[in-house]
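**Student:** Test case, fold it:
(one chain, ligands or ions: 1)
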Amino acid sequence: MKNSGEAWPPEGTEPVAAHPDAPGPGTKLGVHFSECFGCGDEQDGGLHMESTVGDGLTVKSQFTVTEAHQGAPGLAHGGLLACAFDEALGSVAGNLLRLPAVTGRLETDFRRPVPVGSTLFITATLDGMDGRKIYVSAEGRLDAEDGPVAVRARALFVTVEFDHFTTHGDPNAWKKMRDSNRVNP
Ligand SMILES: CCCCCCCCCC(=O)SCCNC(=O)CCNC(=O)[C@H](O)C(C)(C)COP(=O)(O)OP(=O)(O)OC[C@H]1O[C@@H](n2cnc3c(N)ncnc32)[C@H](O)[C@@H]1OP(=O)(O)O
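**Tutor:** Sure, this is the predicted structure:
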């Protein structure tokens, strides 16, 4: 992945279309894993991010910053914000392409402080692919879809075989996801 000052997406990236079975615009995306820090509903301190498919190759996500998310007093921790973008960017890649993929590289630009109590509205866009490499980018606006930009991010996801998750992760958690029909990584 190229650095911030260089072309995005990188040379060699091809445009992509959403998978024929991908959820369409307006579809609310559920929790992909109940214990996921980004979207899980069984993570008390998590982000509880909610996402909906947008127009074009986008997913719109939002979450509200709580006291559990602080770095400096009253402000969201930067690493926590990076986590939010990892989730939003993974969601646009995973849901629109319906391919298992993991974050290879994630780059963030923090442009404004994000206070506790504020809601970040993130729009993530699928920019293209080059072989196994999926390029995605996002911006997060404060308190409204047209609010001031607080954070921009871009990432490289790399497609993997499903056994990446069972070999390196927790096979029992996969059974739990399958049992609850939450089968996407
Ligand atoms: C619906 C689903 C919603 C999901 C939302 C959840 C989002 C959260 C997602 C995550 O947080 S995933 C967890 C964090 N990521 C990881 O744990 C990944 C750890 N890294 C790996 O497992 C491997 O390094 C990886 C699978 C990414 C790549 O290893 P491989 O051996 O399979 O592939 P390889 O190293 O050959 O890389 C493939 C291509 O990607 C390129 N690449 C990989 N990592 C890169 C990197 N960091 N920077 C630049 N390029 C990179 C690499 O150069 C190469 O390019 P070419 O095809 O052009 O040769």
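**Student:** Is any residue of stretch 167-175 near the ligand?
**Tutor:** No: with CB under 6 Å from any ligand atom as the criterion, the ligand is not reached by stretch 167-175; the gap is at least 7.3 Å. No exception for glycine: its C-beta is placed from N, CA and C like everyone else's.
**Student:** Extract the C-alpha trace of that stretch and format it as CSV.
**Tutor:** Output in CSV follows, covering the C-alpha atoms of stretch 167-175 (Å, rounded to 0.1, in the frame of the first residue of the first chain):
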residue,chain,number,x,y,z
THR,A,167,-6.3,-22.5,12.1
HIS,A,168,-5.3,-19.2,13.8
GLY,A,169,-8.5,-18.5,15.7
ASP,A,170,-11.1,-20.2,17.9
PRO,A,171,-12.9,-23.0,16.1
ASN,A,172,-15.5,-23.1,18.9
ALA,A,173,-16.4,-19.5,18.2
TRP,A,174,-16.9,-20.4,14.5
LYS,A,175,-19.4,-23.1,15.6
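**Student:** Phi first, then psi, for the residue in the chain that the ligand sits nearest to.
**Tutor:** Closest contact between the chain and the ligand, by CB to the nearest ligand atom, is at G90 (2.5 Å). Backbone torsions of G90, given as degrees, to the nearest 10, read phi -60, psi -30.
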